[in-house]
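**Student:** Next come a sequence and a model predicted from it.
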Amino acid sequence: MADPGRDVEPRSGWGLTAALILLALALLLAVVLSYPPAPKAKDVPLTEFSAGRAREVLRTLLGDGAPHPVGSAANARVRERILTHLRWLGYAPEVQEGFACSAGGNCARVQNVLARLAGREPGKSVLLLSHYDSVPAGPGAADDMSSVAAVLEIARVLKAGPPLRHGVLLLIDDGEEAGLLGARAFTESSPAMAEVGAVVNLEARGTSGPSLMFETSGSDAWTVSQFAARVPKPFTSSLFPTVYQYLPNDTDLTVFKGREVPGLNFAFIGEPSHYHTPDDDFADVSPASLQHHGDNALAAVRGLADGDLERPPQGRAVFFDVFHWAVVRWPAGLSHVLGILALVLTLVAAVLARRRGFLTWGSLVLGLLATPVAILLTLVAGFGLHALLAGAFPSPWVARPWPAMAAFWLLSLAVSLWTAVLLTRRGSFAGVWAGIWIFWSLLGILLGLLLPGVSYLFIVPALVAGLAGLTGAWRSLASILPVLVAAVIWFPVLIFLYDGLGLQGLLATALLLAFVYTTLAPMVAVAGSFGRRWLPLLAALAAVVFAVLAMVSPPFSVASPRTLMVQLHEDGDSGATRWLLRGAPPFPRAMLEAGGFKPQPEVPFPWSPPGAQALVAAAPGLNTAAPDLIVLDDSQAGGKRHLRLRLVSRRGASIGTIYVSKAAQLESIALDGQPIPGKAWRPKEEWRPYTNLTLPAQGSELLLVLGNTQPIDWYALDRTYGLPPSGQALLAARPKDAVPIQDGDVTLVSRKVKI
């Protein structure tokens, strides 16, 4: 009879070697297959989406490539080009005006473009959505004019084909970058909102990469099903919307999501350093990404329009694609049941192994400990590597990220292998195997109950392990197959964490990889000296080499620039004028010398958020009028102070802001009759801005209710984009590997008012 706890086969490293080779192949496939499909030429059939045709539309819409934020003259020109193209396609577009405010305090008058395509049946329609405004710093060719071009190409395709079951609403909205204002205005005031049965939103947070279906809203089991049945190259996972809901990010779909409207959200996120900068231009938008975007949206629109929009099926789903070939899905409520099944299968396999003398309970306990111990050690080592590379990453994304990516992947491998070596010195193969997959099954059950969208990452490999374990083929099928399955469903997600989160994403990648790598522990238990001693050491040495390469690599380049903004601020009370230089240090010497900046950064404004600093230098005076904050009415009732104010820019700026202190005990505020949603004050937040991005010449009226009835200080500020001629020397000194971001370079004038 075999001695319990001892394998009947001699030690061998072939299983570990084979598994590592398969993991490497899975990673290679994940990278290669993640590329978006080749763009289609302009001469493909008219019923197909063509990136070639869409790029011609994009080129026309962008015109001279000027930024076109909400309310600007450039934005009006882009809107007219959209209207012209829709009319040329045979649509009858309308412009819907509205005034909306975000919870962040931004308000603006927006002008949305809406067009309709009738379906075979009356009733609800599918809303195909994108936004046409850009940030002030860049032309927004990818974010979001590429989506607008995709919507217009889809509008052409739908016109060329037979009518869909349900109609399609084309909404190209305004003011998204300012706080989803166009979508807010549409949902709050447009009669067409009553027609919306489902939403397909197109976005971008970069200029390349595959188009990800990264968010759902409402009951998503049927929306995902309708999309998956028609999409040629799916790239999606229920992990994405589960995680996205906890991130401080929003798109237009957020507004519809709050109303429980079913919807799908798509975006590509490659080249994140171009996001919201001048590099988000026509030349940098990937035609392949545009093709994938259009294919996805067209499949989603056709699928949803063919569904029951009047009485859509209820329920949420767990789903993921397999190498972007097909989408696997099941009802979310089934996840914990599948986790229990995986646990039962693994336990049965463990009992059978115990009866055959292959397993000891002590080895099983060691297997249970392997994953949590590896996670803990990887966390410690990962934080160390993160701290080491932080100096080489002055911003979340750098020009050459691959050495850092390799360092984190290899660090996690080294730590996981060493953990397996330490915990399996006296462990049997079957015992360690059972412990690991019992742990995965338990995690799958827990996640199935709490976060079902994530649960598939653990449930699917655990199910495969349990089934394979029943065969008794311990050294081949039961050991290698679940490891390969885990890699197939984990790696395509993990390779995009850097694009999504930057350096923080690499730390998260290392931690998540520890789950996958610890599944190698059973093979480590029976590996030879090379696998137990030299493989972890080689992985650690390689991680060190790549970490050094990451530290010595230039963090920025012309193709992947840093962000540096110049502001000119004049204090209307004192007349003092100064340059402010914002960005991640070290600052370019040429800019420091051109502006005469002080070497130490300082907090530039009383209303600056905690941690906000800038370099400061004296600047030539603007000699212009400061904004006014005029009291129209000041009364008290019920222990509250009621104020009616008017904010006016005396120099004709189109953007005006008031800063309200926490001491005012603000209870409500409305700007030009539009209530601004309230929100809780964050810790250390002392001032809050309320801005009209389309400030009229006569100014804006504000109605406020305050809990504090005593006189308090306010700040009024107006803003214009760009710098006066005195700033040209500073801009000329900005290096080619640096660009402005978001609002870009701006001129500010402020004054303090006691009311």
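**Tutor:** Arrived safely, thanks for sending.
**Student:** Quick check: phi and psi at G175.
**Tutor:** phi 70, psi 20 (degrees, to the nearest 10).
**Student:** Could you count how many residues lie near it?
**Tutor:** Neighbour count of G175, defined by other CB atoms under 10 Å: 33. Using the backbone N, CA and C atoms, a C-beta is placed for each residue, glycine as well.
**Student:** In contact with it, which residues are there?
**Tutor:** V70, A100, A108, V110, H131, D133, L181, G182, A185, L693 (CB atoms under 8 Å, 6 or more residues apart in numbering).
**Student:** Assumed the third one was part of a helix.
**Tutor:** No: A108 is assigned strand when assessed by DSSP: H, G, I helix; E, B strand; the rest coil, not a helix.
**Student:** follow-up on the earlier one: what about the contacts of G175, which are in helices?
**Tutor:** L181, G182, A185 (DSSP state H).
**Student:** Return a ChimeraX selection command for the buried portion of these.
**Tutor:** Remark: buried members of the ones in helices among the contacts of G175, expressed as a ChimeraX selection using 16 or more other CB atoms under 10 Å:
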select :181,182,185
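**Student:** Of the ones in helices among the contacts of G175, which is the nearest to G722?
**Tutor:** Nearest to G722 out of the ones in helices among the contacts of G175 is L181 (CB to CB; 22.5 Å).
**Student:** For that closest one, give its distance to P554.
**Tutor:** 39 Å (CB to CB, to the nearest Å).
**Student:** Now do the closest residue to A392 other than its chain neighbours: how many residues are near it, please.
**Tutor:** Spatial nearest neighbour of A392, chain neighbours left out: M551 (4.6 Å); criterion: CB to CB, 6 or more residues apart in numbering. When neighbours are counted by other CB under 10 Å, M551 registers 16.
**Student:** rewinding a little: relative to A297, which of the ones in helices among the contacts of G175 is nearest.
**Tutor:** G182 (18.2 Å).
**Student:** Now that closest one: closest residue in space, sequence neighbours ignored.
**Tutor:** D173 (3.0 Å).
**Student:** next one: L181
**Tutor:** Nearest residue to L181 in three dimensions, chain neighbours excluded: G175, at 3.2 Å (CB to CB, 6+ apart).
**Student:** coming back round to it: just put the ones in helices among the contacts of G175 in TSV and tack on pLDDT.
**Tutor:** Formatted as TSV, the ones in helices among the contacts of G175 follow (pLDDT from 0 to 100):
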residue	pLDDT
L181	98
G182	98
A185	97
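**Student:** and of the ones in helices among the contacts of G175, the nearest to S700?
**Tutor:** Nearest to S700 among those, with distances taken as CB to CB, is L181, at 14.8 Å.
**Student:** Below-threshold pLDDT in the protein: ranges please.
**Tutor:** For the chain, the stretches with pLDDT under 70 are 1-13, 426-427, 473-475.
**Student:** In terms of secondary structure, what does the lengthiest helix in it contact?
**Tutor:** Among the segments of the chain that qualify as a helix by DSSP H, the longest is helix 361-390. When contacts are defined as 3 or more CB pairs under 8 Å, 6 or more residues apart in numbering; DSSP states H and E, helix 361-390 packs onto helix 402-423, helix 429-450, helix 503-517, helix 521-525, helix 535-552.
**Student:** about what we covered before: please tabulate the ones in helices among the contacts of G175 in a markdown table and include distance to T251 as additional columns.
**Tutor:** Shown next, in a markdown table, are the ones in helices among the contacts of G175 (distance: CB to CB, whole Å):
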| residue | distance to T251 |
| --- | --- |
| L181 | 13 |
| G182 | 12 |
| A185 | 16 |
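**Student:** Pick the one among the ones in helices among the contacts of G175 closest to L748.
**Tutor:** Using CB to CB, the ones in helices among the contacts of G175 come closest to L748 at L181, 21.9 Å.
**Student:** Hmm, that closest one is touching E188, no?
**Tutor:** No: between L181 and E188 there is no contact under CB atoms under 8 Å: 10.3 Å.
**Student:** who touches both of these two?
**Tutor:** By CB under 8 Å, 6+ apart, the residues touching both L181 and E188 are A100.
**Student:** L451 contacts T242, correct?
**Tutor:** Yes: contact criterion CB under 8 Å: L451 and T242 qualify, at 5.6 Å.
**Student:** Can you say which helix or strand has P585 in it?
**Tutor:** Mapping P585 onto the secondary structure by DSSP states H and E places it in no helix or strand at all.
**Student:** Not including adjacent chain positions, what is the nearest residue to it?
**Tutor:** P394 (6.9 Å).
**Student:** who touches the one you found in this structure?
**Tutor:** When contacts are counted by CB under 8 Å, 6+ apart, P394 touches P555, R562, A584, P585, P586.
**Student:** Farthest-apart pair in those, please.
**Tutor:** So, the contacts of P394 by CB to CB: farthest apart are P555 and P585, at 11.6 Å.
**Student:** And the two? Which one has more around it.
**Tutor:** The residue with more neighbours, out of P555 and P585, is P555; 20 against 9, by other CB under 10 Å.
**Student:** contacts for stretch 270-277?
**Tutor:** Applying CB under 8 Å, 6+ apart, the external contacts of stretch 270-277 come out as 135, 137-138, 142-143, 205-210, 279-280, 284, 286, 289, 395-397, 399, 499-500, 502, 560-561, 563, 739-742.
**Student:** In helices, which of those appear?
**Tutor:** S289, D499, G500.
**Student:** What residue, apart from its backbone neighbours, is nearest the second one spatially?
**Tutor:** Okay, so that is D499. Once flanking residues are discounted, D499 sits nearest to I269: 4.8 Å by CB to CB, 6+ apart.
**Student:** what residue is smack in the middle of this structure?
**Tutor:** With distances taken as CA atoms, centre = their mean, the residue of the chain nearest its centroid is G500 (5.5 Å).
**Student:** which residues sit in contact with it?
**Tutor:** The neighbourhood of G500, defined by CB under 8 Å, 6+ apart, consists of I269, P272.
**Student:** follow-up on the earlier one: who wins for proximity to W687 among the helices and strands packed on helix 361-390?
**Tutor:** The closest of those to W687 is helix 503-517. By CB to CB, the value is 27.7 Å.
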